[in-house]
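> The amino acid sequence is not available; the structure is as follows:
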């Protein structure tokens, strides 16, 4: 069911005012424009007719942008299905690395550098602990999130770490304290803090920018950093489903937007200071949109990364031999016997819904009869930065 209010509605209503107040980057303008036009006549589409009952349906094209809340569901289920093929049949731990808000100005100054250093510091910490505590090469699948519940800037990494690894002599070895914890969180916090701040100082010094943010770094050194680690999760199938909740999320979903009224936007937010109770939060419409734009990632930035024994290059080259599953994979055997499934068959299997099935008679097949060209609608916001005037 289509939500009453959508992010596209917020952009159409407050986008022009945001552009007038704030200087946005070309990428931010492009993303906002694509979200505003997603599944509208502006992007074109096609007309479908049921071959059984004659029902006519018009479908408009999606924008496909990774920041669009409408375009992530199908990508998410396909990503989960792909990861299922390479997930180890062992227990996993959920580890979250967070950064203090004192460094947010550095993040806004150079997001690509900042997020790359976060990925590197988190994996270097996990890898060094794997060798120092258990003498193994382990792995991780890390997903970057940049937002808090109220759309504030809050960069953090969700990592799924297998409770196993390869020892120096090549033997397979299980790790973790009987499923209760992976590593002491206070040691993880201290180690990741040191690695990240050291690498950040070196990166800023290399760019001759250390003096601009040195006071922020000094405050960060004095701040207590937090690394969260849950007890080991269940089966590998559950692990992938669990991680899938985080992979293709965007800063705000359409379902969380409650109302747009009197130049203000009201949305649902979890209050983690009050046992994660869901509460309504109201922001000025332009401020709401401004906060959303700071979570638009740099162009071609990879937000989901695999490390160690989950490195896709090692898996593809068969340099690591995973422990075989205890039971044969029946679905894989059937797939090999029947040949590769089509994209439609895969979507139907993963979602339980056949998009080509007639929504009225439930038996006919929707057939595309004509393409709908793109339309320049006056209702679509022309997102362009106004030219700068000089005096």
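Sure thing, it's come through. Values in this document were obtained by computation on a predicted structure and should not be read as measured data.
> buried residues in stretch 186-199?
188, 189, 191, 192, 193, 195, 196, 197, 199 (16 or more other Cβ atoms under 10 Å). No exception for glycine: its C-beta is placed from N, CA and C like everyone else's.
> so who does the fourth one touch?
Meaning residue 192. Residue 192 makes contacts with 97, 121, 122, 125, 225, 227, as judged by Cβ atoms under 8 Å, 6 or more residues apart in numbering.
> hmm, 10 Å instead?
95, 97-99, 118, 121-126, 129, 157, 225-227 (Cβ atoms under 10 Å, 6 or more residues apart in numbering).
> these two touch, right, residue 257 and residue 69?
Yes - with contacts counted by Cβ atoms under 10 Å, residue 257 reaches residue 69, the gap being 9.3 Å.
> overlap in contacts of these two?
With Cβ under 10 Å, 6+ apart as the test, residue 257 and residue 69 both reach 3, 6, 7.
> The residue nearest to the second one when sequence neighbours are not counted and residue 71: what is the separation?
I take that to be residue 6. Leaving aside its chain neighbours, residue 6 sits nearest to residue 254 (4.5 Å; criterion: Cβ to Cβ, 6 or more residues apart in numbering). From residue 254 across to residue 71, the span is 11 Å (Cβ to Cβ, to the nearest Å).
> And for residue 257?
17 Å.
> and the closest residue to residue 209 other than its chain neighbours, how far is that from residue 204?
Leaving aside its chain neighbours, residue 209 sits nearest to residue 109 (7.7 Å; criterion: Cβ to Cβ, 6+ apart). Using Cβ to Cβ, we find residue 109 at a distance of 9 Å from residue 204.
> Residue 94 belongs to a strand, doesn't it?
Yes - under DSSP: H, G, I helix; E, B strand; the rest coil, residue 94 sits within a strand.
> helices and strands of this structure: which one has the lowest mean pLDDT?
helix 330-338 (a mean of 51; mean pLDDT, DSSP states H and E).
> Any buried residues in the very next helix or strand once past that helix, and which?
Next in sequence after helix 330-338, counting helices and strands by DSSP states H and E, comes helix 343-351. Within helix 343-351, the residues scored as buried using 16+ other Cβ under 10 Å are 347, 348.
> quick one, what contacts the closest residue to residue 44 other than its chain neighbours?
Of all residues not flanking residue 44 in the chain, residue 374 sits nearest, at 4.2 Å (Cβ to Cβ, 6+ apart). Shown in contact with residue 374 (Cβ under 10 Å, 6+ apart): 37, 40, 41, 42, 43, 44, 45, 60, 61.
> again, but for residue 5
254, 255, 256, 257, 258, 259, 260, 261, 265, 266, 267.
> Go again with 6 Å.
For residue 5, the contact set (Cβ atoms under 6 Å, 6 or more residues apart in numbering) comprises 257, 260.
> Quick check: the gap between it and residue 141.
Residue 5 is 33 Å from residue 141, by Cβ to Cβ.
> ok but residue 17 is inside a helix, no?
Yes - according to three-state DSSP, residue 17 belongs to a helix.
> Determine the three-state secondary structure at the closest residue to it other than its chain neighbours.
Once flanking residues are discounted, residue 17 sits nearest to residue 286: 5.2 Å by Cβ to Cβ, 6+ apart. Three-state call for residue 286 (three-state DSSP): helix.
> Next one, pLDDT for residue 286 please.
We note a pLDDT of 96 for residue 286 in this prediction.
> Give the burial count for it, as a bare number.
Close neighbours of residue 286, defined as other Cβ atoms under 10 Å, add up to 22.
> Quick check: which ranges of the stretch 201-350 of the chain have low pLDDT?
Along the stretch 201-350 of the chain, the parts satisfying pLDDT under 70 run over 233-236, 314-341, 350.
> residue ranges of the strands in this structure, please?
For the chain, applying DSSP state E gives strands covering 45-50, 56-60, 92-98, 136-137, 139-147, 153-162, 164-167, 172-174, 227-229, 257-261, 264-271, 277-284, 304-308, 366-372.
> phi, psi of the residue lying closest to residue 360 once chain neighbours are set aside?
Leaving aside its sequence neighbours, residue 360 sits nearest to residue 55 (Cβ to Cβ, 6+ apart; 4.5 Å). Residue 55 adopts backbone torsions of phi -60, psi 140, taken as degrees, to the nearest 10.
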